[in-house]
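> sequence first, then the predicted structure, then my questions.
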Number of protein chains: 2
Amino acid sequence: MPVSLESFHAVIPAGGAGTRLWPLSRAGRPKFLLDLDGSGRSLLQQTWDRLHELIPAERIHVVTGAAHADAIREQLPELTGLFVEPSPRDSMPAIGLAAAVIGASDPDAIIASFAADHIIDEQAAFADAIEQAVAVARTGLITTIGITPTGPSTAFGYIESGAPLVVEGAGSARAVSAFVEKPDEATAVAYVASGSHSWNGGMFVTRTDVLLGHLARLQPGLHDGLVGIADAWTTDRSQEVLEAAWPTLTKIAIDHAIAEPVSLEGGMAVVPGTFTWDDVGDFAALQDVGAASSTDTVWVDSDGLAIAADGTTIAVIGLRDVVVVRTADALLVTTRAHAQQVKEVVAELRGRGRTDLL
Amino acid sequence: MPVSLESFHAVIPAGGAGTRLWPLSRAGRPKFLLDLDGSGRSLLQQTWDRLHELIPAERIHVVTGAAHADAIREQLPELTGLFVEPSPRDSMPAIGLAAAVIGASDPDAIIASFAADHIIDEQAAFADAIEQAVAVARTGLITTIGITPTGPSTAFGYIESGAPLVVEGAGSARAVSAFVEKPDEATAVAYVASGSHSWNGGMFVTRTDVLLGHLARLQPGLHDGLVGIADAWTTDRSQEVLEAAWPTLTKIAIDHAIAEPVSLEGGMAVVPGTFTWDDVGDFAALQDVGAASSTDTVWVDSDGLAIAADGTTIAVIGLRDVVVVRTADALLVTTRAHAQQVKEVVAELRGRGRTDLL
């Protein structure tokens, strides 16, 4: 383990069903618990593996809802730091809770958040980005890892980088000028052409005291609630305090609570993530990251992705770029071009009261 | 029962898997045993019902293979005349066997063949066509019921009609000029424009002695084999004789053995069938005859036919005129325009040795 990662903790918020991957992903079997790329490891396990190459298991933490706690413990037997939220309050309370608890026992702690359901390749580049980000974070800046765009995607928020920073061990670091929301197509093209915009992959690296300091200013109620929970964390009142305070916490994403306002104050930095990254946002993305069709699929004048999760045989005739996903209880038929609309099916099923299929 | 249908027997050859309706139809669960139109009755049962309105159960006969005998007895509890072929020898031996056996016990018998897996509506028009055909057949002509075309189909053979015939009770009867094979598109258009061509739906009406007389001339070996089987039919040697003779019989369709040569000799007549008729040849046809999609299908910017025979939920996004058919062990995804190519899937599965799916 490089010395530079001393006191470095990873926090993995594990939530979100991944409705655009229905019927594979479900409320009770969310995207992060699935082995979507046929690697033999779920997306959560791959996230764990990637971090565990850098830091010991005790410093990898997961924040999730009660519904998935058991499944996560089963998938990650080495996990010791599982935070179970009484209810979903978005990413700021989730990461803030981990920051407050970890910071209370390790005042030098630097935490970094990593989504549980993204796919990353090129471990060396990943490790390098983290080491640079940690070096910058030690200086007191909240540091994000900006994903180098592979195209003008309109599916992600962008990070606009500013002047280079001079930090030892972080030769690629720059100040953040702004966080910008998902752009339209033309804006995305301009962003990519500028060379100064990267994708926001939700990777934030920060000293816990720095994060909590910003929170105290920007979201004082949320800050106080989290600190109260953390103070009781190692007492026998921990669960009681958590359950009382949690529902009162502001439901807000870390991007809105911290990243956007702090970037405007000059308090944020970015280091480039040049590794291969994919949020596997829909079935088109799933095919792009290498998910294979069931081997006994019969293709006649056809191509695309055909997955029979129940082991049955699929035959496709005369359809190009088709997406066919079959589970024991449901079937999706669409095309790559319509992959984003899968969430409309989930919405329709919810409207019909088909909670058995959600 | 009208007097005109005295000694009239129906013969239903029940064979053919219906490979273009895979995965609904299978070798072990052929098209004629399926309730394809949601009527609550299989195609075979509908054929039976239609005939049973005209004649008693004892005069409706079915010819089939050993594999389907039990299923047919179950679907048609009133059936007394089941001929079980030791092996498939095409339609001439099947119909010829019934003719020889029925003719032996009823020398005045007139038989008519009806496919087991077609859909016919408008019973009154059906009954009228049969009554006319029987009246013509009594004069010694082999009489076919020609389906009035609804369009220039290239999927059927055509019957070219000639001069009107003068037969009491058969005002629409005409001589047959020729039987012609499935035409190309341009020829089919010309046929339909001529007004003198009808579709060959495989309905042949004939005195048994007339049919056997033609057979004795045109297919003497086949004739002698069938008569030998019929002679032993009511003895305790019946099965033994059947099994010995059957494999020696020429494998030939009644169209080639009888209809084509006899029509050229002036020995055939046609009466028009103006009823609604469909051979339900593929999933496009199945939709046209009123087969409905599963009611809980979710359509997003889509339409077509979606059948979940296993009761699961299908969702389709962004595909028009789609055909989705799911069974417990297989799934077909295609479009109406490719419905005829379903047989290619069956051929591919056969090539892969997937007999479990055929």
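Yep, that arrived.
> when you work out contacts or count neighbours from here on, use the C-alpha atoms and nothing else.
Fine.
> residue numbers of chain A in contact with chain B?
For chain A, the residues found near chain B under the criterion C-alpha under 8 Å from any C-alpha of the partner chain are A:298, A:300, A:312-319, A:328-335, A:338, A:341-342, A:344-345, A:348-349.
> in strands only, show me the residues you listed.
Residues of the residues of chain A next to chain B located in strands (DSSP state E): A:298, A:300, A:313-317, A:330-335.
> just give me the closest of those to residue B:121.
Using C-alpha to C-alpha, residue A:317 is the member of these that lies nearest residue B:121, at 31.3 Å.
> ok, the closest one - how many residues close by?
The burial count assigned to residue A:317 is 23, neighbours taken as other C-alpha atoms under 10 Å in any protein chain shown.
> for it, name its beta-bridge partners.
When bridges are taken as DSSP bridges, the partners of residue A:317 come out as residue A:300.
> so for it, what's the pLDDT?
You'll see residue A:317 listed with a pLDDT of 98.
> repeat that for residue A:96.
Looking at residue A:96, its pLDDT reads 97.
> same thing with residue A:19?
What the model reports as pLDDT for residue A:19 is 88.
> burial measure for residue A:296, as a count.
In terms of burial, residue A:296 registers 17 neighbours under the definition other C-alpha under 10 Å.
> and it, what does it touch?
With contact set as C-alpha atoms under 8 Å, 6 or more residues apart in numbering or on different chains, residue A:296 has these partners: A:313, A:314.
> also residue A:142?
With contact taken as C-alpha under 8 Å, 6+ apart, residue A:142 is in contact with A:136, A:204, A:205, A:206, A:207, A:210, A:211, A:267, A:268, A:269.
> assign a three-state SS to the residue positioned nearest the centre of chain A, would you?
With the centre of chain A defined as its mean C-alpha position, the nearest residue by C-alpha atoms, centre = their mean is residue A:115, 1.8 Å away. Reducing the assignment at residue A:115 to three states with DSSP: H, G, I helix; E, B strand; the rest coil gives coil.
> how much space between the residue in the stretch 101-250 of chain A that chain B sits nearest to and residue A:6?
Across the stretch 101-250 of chain A, no residue is closer to chain B than residue A:155, which sits at 19.8 Å (C-alpha to the nearest C-alpha). Noted for residue A:155: a distance of 35 Å to residue A:6, by C-alpha to C-alpha, to the nearest Å.
> likewise for residue A:15?
Shown here: residue A:15 relative to residue A:6, a distance of 28 Å by C-alpha to C-alpha.
> cool, residue A:33 as well?
29 Å.
> cool, residue A:113 as well?
Distance, residue A:113 to residue A:6, by C-alpha to C-alpha: 16 Å.
> next one: residue A:183
Using C-alpha to C-alpha, one obtains 37 Å as the distance from residue A:183 to residue A:6.
> try residue A:203
18 Å.
> more neighbours: residue A:33 and residue A:6, which one.
Higher neighbour count among residue A:33 and residue A:6: residue A:33, with 22 against 13, using other C-alpha under 10 Å.
> next, the contact list for the more buried one, please.
With C-alpha under 8 Å, 6+ apart, residue A:33 has these contacts: A:42, A:43, A:44, A:45, A:71, A:72.
> of those residues, which pair is most distant in space?
Comparing all pairs in the contacts of residue A:33 by C-alpha to C-alpha, the longest separation belongs to A:43 and A:71, at 13.1 Å.
> which of these two has more residues huddled nearby?
residue A:43 (24 against 13).
> isn't that one right up against residue A:36?
Yes: the pair formed by residue A:43 and residue A:36 meets the contact definition of C-alpha atoms under 8 Å, at 7.2 Å.
> ramachandran angles for the spatially closest residue to residue A:216 that is not a sequence neighbour?
With C-alpha to C-alpha, 6 or more residues apart in numbering or on different chains as the criterion, residue A:216 has its nearest non-adjacent residue at 5.2 Å, and that residue is residue A:223. Residue A:223 adopts backbone torsions of phi -60, psi -50, taken as degrees, to the nearest 10.
> can you list contacts of stretch A:148-161?
Under the criterion C-alpha under 8 Å, 6+ apart, external residues in contact with stretch A:148-161 comprise A:146, A:174-185, A:188-189, A:191-192, A:196-201, A:269-270, A:272-274.
> first-to-last residue distance for it?
Its start and end residues considered, stretch A:148-161 measures 12 Å (C-alpha to C-alpha).
> buried ones in it?
Residues A:148, A:149, A:152, A:153, A:154, A:156, A:157, A:158, A:159, A:160, A:161 are the ones in stretch A:148-161 that count as buried (16 or more other C-alpha atoms under 10 Å in any protein chain shown).
> tell me who's in contact with the residue nearest to the centre of chain A.
Residues A:12, A:13, A:14, A:47, A:201, A:202, A:203 are the ones in contact with residue A:115 under the rule C-alpha under 8 Å, 6+ apart.
> what mean pLDDT does stretch A:50-65 get?
97.
> got it, and stretch A:279-294?
Here stretch A:279-294 scores 92 as its mean pLDDT.
> how far off centre is that stretch?
17 Å (C-alpha atoms, centre = their mean, to the nearest Å).
> what's that stretch in contact with?
Here stretch A:279-294 makes contact (C-alpha under 8 Å, 6+ apart) with A:18, A:20-21, A:36-38, A:117-119, A:278, A:304-308, A:311, A:313, A:323, A:336-337, A:339-340.
> now do the same end-to-end measure for it.
For stretch A:279-294, the first and last residues are 22 Å from each other (C-alpha to C-alpha).
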